[in-house]
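Colleague: here is the input, now give the coordinates:
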Amino acid sequence: MRSSISLSTSHKVLLPSVLAVSVVVAVRLYGLTEAALPDYDSVRNWQIVQEVAQGNLRNLFHHGSPAFSLLLAPVAWFTTDYRVYQHLNAMLAIAALVWLVHLVGRQQRLTAVETALLLVFTGTSVFLTFSGRDFTMGSMSLLVFVGLLQTHYRRLQQPSVQVLMQTAGWLALGLSVNYKFLLTLPILVLLELLYGQSLLWRPAALWRVSLILLVPYLVLGLLGAVGGLPWYRWPAVYYNLVFPGATNAAGRTGHLRFDGLYYLRYLWDFESPLLLPGLAGGVVLGIRHWLQCQPWWKPPISLPTYLGIWAACFLVGMSLLLKAPRGLLLVYPLFYILTFLLLRRLIQSMQLSTPATIGLLTGVLLAASAFNLFRIQREIYAYTSTHYGAMARLLHARSPGSVRVASSLGIGLRPFLAATDTVALVTNEKELPMWRRQQFTYVLLDSYWRVTNSPNFDSLRHQPPLVALSEPLLTSPLLFLEHSEYTGLGYVQTLALQRAACQDSVQLRLYRLQ
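Modeller: Just a heads-up that it's a prediction; the model follows:
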């Protein structure tokens, strides 16, 4: 009898979680087999992983993310199908989300139903769904970030040198996966100053942490040197971030641009409408709580306080830099979690019966998740279909041998061509005579030039093409916003650029190089 009761209880606990994970997996993977890699970085990462798998380390430190390429290189030993990498990327993001929600559920003592609702609510975030469909460092970064959060929060609760070293290990891994983990350093220092009980600042501990952070740079730097790269290649990535050289194809230089409304506008226009009211309510409650503390600037460390500090610091810090929605990738889940916790607290304060409390919370969150799905359909699924494959087949039909095609800033065609084919990136139509002399037969006017705001193809686009096809993704508002960091444009300017691009009925035009 006891075993049957225990089994029944276990099923009641597991069933909501299984259903919630199934919903998130279905949302993230829906239509993914029909999608192309969405941007230049995704295609380059796909190429670099294959290079590393073959022992070519020339681009190991591309974007300061050597661990990303090294960890995924074994996949290229079995397949080069870009869709495998997209699905793997999506599953990494789901794993990160499940891990984070499990952490919150355990720390906040959520019921199985509440944990499942939180997973569905957070898992239907528009941008988290969008970023899970590319092949960049975002999903792996999110997974490492959750490991860092969990370990560092435990370290602040338990002043243990061992846990401090584990935290340093997660940070070292994060810096190896994505240079943007540099942005976590000032927040970690702030939290250590507030709650670290001076453990980090003891000379022995500080030396050990510094050594752990230095190890990837020494080991991977040595690996790069073996592969023929100069020893300073990885630090040079950071130097170029701080002191950028020439302007890019969009004419943008530098990395600073203050705009306190960019992310707030994005959250309101694209994410759940509960987020901004929820975060505003959280700020009010946080300020009231802090003012009641002694000292007022150092409230007791709880999980909501800890996550709130991370979310607030990221939002303020990223508002000073060039912006794109991915700038807040690591903290979108925190926004949803903090909103959920505030909503749960508000409903509990109504002093309703337990069934009524659960019912109201369930109704609100399911409605919010359904609205998220509406926005996912409008902003992501509606732009899924691709015609790069059709363009590749047309090129093969027209070319007796290997395809040699120049492309205007976009390389989305590359994964659909054979390994023996060549795609050359062109940033200006004035370069086309050079490619013609190098025996390139065709030029693809890929509307990625509109996304990157690089209008250097005026005369070409007014000529009649051999073939013209649509490519819906190249008119996506999210894709344009994702490139506002590259273009240097603000939120309103970027969406105006996107609306202008929608006036063009086709995005892929093929011409013969004359």
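
Colleague: please report the distance of Leu264 from Arg58.
Modeller: Using C-beta to C-beta, to the nearest Å, we find Leu264 at a distance of 41 Å from Arg58. C-beta coordinates here come from the backbone N, C-alpha and C atoms, glycine included.

Colleague: and these two? Which one has more around it.
Modeller: Leu264 (17 against 14; other C-beta atoms under 10 Å).

Colleague: that one should be in a helix, yeah?
Modeller: Yes. Assigned with DSSP: H, G, I helix; E, B strand; the rest coil, Leu264 falls within a helix.

Colleague: shouldn't it be in contact with Leu275?
Modeller: No. Using C-beta atoms under 8 Å, Leu264 is not in contact with Leu275; the gap is 9.7 Å.

Colleague: so which residues of this protein form strands?
Modeller: Assigned by DSSP state E, the chain shows strands spanning 404-408, 422-426, 442-446, 467-469, 508-512.

Colleague: ok, Leu143 touching Met91?
Modeller: No. Between Leu143 and Met91 there is no contact under C-beta under 8 Å: 10.1 Å.

Colleague: ok, Ser302 - contacts?
Modeller: Counting by C-beta atoms under 8 Å, 6 or more residues apart in numbering, Ser302 touches no other residue.

Colleague: low-scoring stretches of the stretch 151-300 of the chain, by residue?
Modeller: Along the stretch 151-300 of the chain, segments meeting pLDDT under 70 span 245-246, 249-256, 294-299.

Colleague: now do the contacts for the spatially closest residue to Ala382 that is not a sequence neighbour.
Modeller: If you skip the residues right next to it in sequence, Ala382 has Pro472 as its closest partner in space, 7.1 Å away by C-beta to C-beta, 6 or more residues apart in numbering. Residues in contact with Pro472, defined by C-beta under 8 Å, 6+ apart, are Ala382, Tyr383, Thr384, Ser385, Thr386, Gln507.

Colleague: so what's Leu343 up against?
Modeller: Applying C-beta under 8 Å, 6+ apart, we find Leu343 in contact with Leu274, Gly278, Leu361, Val364, Leu365.

Colleague: check which residues of stretch 353-364 are buried.
Modeller: For stretch 353-364, the neighbour count (16 or more other C-beta atoms under 10 Å) marks Thr357, Ile358, Leu360, Leu361, Val364 as buried.

Colleague: got it, and stretch 198-210?
Modeller: By 16+ other C-beta under 10 Å, the buried positions in stretch 198-210 come out as Leu199, Leu200, Ala205, Arg208, Val209.

Colleague: ok, now stretch 365-375?
Modeller: Within stretch 365-375, the residues scored as buried using 16+ other C-beta under 10 Å are Leu365, Ala368, Ser369, Asn372, Leu373, Arg375.

Colleague: now the second one: how far from Tyr266?
Modeller: Think Ala368. Ala368 sits 17 Å away from Tyr266, going by C-beta to C-beta.

Colleague: gap between the residue nearest to Glu431 when sequence neighbours are not counted and Glu429?
Modeller: Closest residue to Glu431 apart from its sequence neighbours, by C-beta to C-beta, 6+ apart: Ala406 at 7.8 Å. Going from Ala406 to Glu429 by C-beta to C-beta gives 10 Å.

Colleague: of the two, which one has the most company?
Modeller: Comparing Ala406 with Glu429 by other C-beta under 10 Å, the one with more neighbours is Ala406, at 25 against 18.

Colleague: ok, that one - contacts?
Modeller: By C-beta under 8 Å, 6+ apart, the neighbours of Ala406 are Val423, Ala424, Leu425, Val426, Glu431, Leu432, Trp435, Phe440, Tyr442, Val443, Leu444, Leu513.

Colleague: which of the residues you listed count as buried?
Modeller: Of the contacts of Ala406, these count as buried by 16+ other C-beta under 10 Å: Val423, Leu425, Val426, Glu431, Leu432, Trp435, Phe440, Tyr442, Val443, Leu444, Leu513.

Colleague: what distance do you get for the spatially closest residue to the third one that is not a sequence neighbour to Gln439?
Modeller: In other words, Val426. Nearest non-adjacent residue to Val426, counting by C-beta to C-beta, 6+ apart: Ala406, 4.7 Å away. Per C-beta to C-beta, Ala406 is found 11 Å from Gln439.

Colleague: and the end-to-end length of stretch 55-67?
Modeller: One end of stretch 55-67 sits 14 Å from the other (C-alpha to C-alpha, to the nearest Å).

Colleague: how about the residue positioned nearest the centre of the chain: what's its closest non-neighbour residue?
Modeller: The centre of the chain sits closest to Gly138, judged by C-alpha atoms, centre = their mean, with a distance of 3.4 Å. In space, Gly138 comes closest to Ser131 once its chain neighbours are excluded; the distance is 4.7 Å by C-beta to C-beta, 6+ apart.

Colleague: residues near that neighbour, how many?
Modeller: Other residues near Ser131 come to 24 when the count uses other C-beta under 10 Å.

Colleague: next: the one 10 residues further on.
Modeller: When counting by other C-beta under 10 Å, one arrives at 25 neighbours for Ser141.

Colleague: per-residue confidence for it?
Modeller: At Ser141, the model reports a pLDDT of 97.

Colleague: relative to Leu60, how far out is the closest residue to it other than its chain neighbours?
Modeller: Nearest residue to Ser141, sequence neighbours excluded (C-beta to C-beta, 6+ apart): Asn178, at 4.3 Å. Distance, Asn178 to Leu60, by C-beta to C-beta: 14 Å.

Colleague: if we only consider the buried residues of stretch 198-210, which is nearest to Leu320?
Modeller: Distance to Leu320, by C-beta to C-beta, is smallest for Leu200 among the buried residues of stretch 198-210, at 25.5 Å.

Colleague: just checking, the closest one touches Met165?
Modeller: No. With contact defined as C-beta under 8 Å, Leu200 does not count as touching Met165 (10.7 Å).

Colleague: overlap in contacts of those two?
Modeller: Val209.

Colleague: now distance to Gln351 too, for the buried residues of stretch 198-210, in a markdown table please.
Modeller: Formatted as a markdown table, those follow (distance: C-beta to C-beta, whole Å):
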| residue | distance to Gln351 |
| --- | --- |
| Leu199 | 42 |
| Leu200 | 43 |
| Ala205 | 47 |
| Arg208 | 50 |
| Val209 | 47 |
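
Colleague: now the two most distant members of these.
Modeller: Largest pairwise distance in these, by C-beta to C-beta, is 11.2 Å, between Leu199 and Arg208.

Colleague: which residues are common contacts for those two?
Modeller: Joint contacts of Leu199 and Arg208 (C-beta under 8 Å, 6+ apart) are Val161.

Colleague: next one: stretch 457-466 to chain centre, how far?
Modeller: 34 Å (C-alpha atoms, centre = their mean, to the nearest Å).

Colleague: ok, now stretch 266-274?
Modeller: Centroid separation for stretch 266-274 versus its chain: 17 Å, with C-alpha atoms, centre = their mean.

Colleague: before we move on, back to that, thought the residue nearest to Gly138 was touching Leu329?
Modeller: Yes. In this structure, Ser131 is within contact of Leu329 by C-beta under 8 Å, at 6.0 Å.

Colleague: residues in contact with Ser470?
Modeller: With contact taken as C-beta under 8 Å, 6+ apart, Ser470 is in contact with His387, Ser505, Val506, Gln507, Leu508.

Colleague: quick check on the residues you listed: which are buried?
Modeller: For those, buried by 16+ other C-beta under 10 Å: His387, Gln507, Leu508.

Colleague: rewinding a little: make JSON lines out of the contacts of Leu343 and add distance to Trp99.
Modeller: Below are these laid out as JSON lines (distance: C-beta to C-beta, whole Å):
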{"residue": "Leu274", "distance to Trp99": "23"}
{"residue": "Gly278", "distance to Trp99": "22"}
{"residue": "Leu361", "distance to Trp99": "23"}
{"residue": "Val364", "distance to Trp99": "25"}
{"residue": "Leu365", "distance to Trp99": "20"}
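
Colleague: and which of the residues you listed is nearest Gly174?
Modeller: Distance to Gly174, by C-beta to C-beta, is smallest for Gly278 among the contacts of Leu343, at 27.3 Å.
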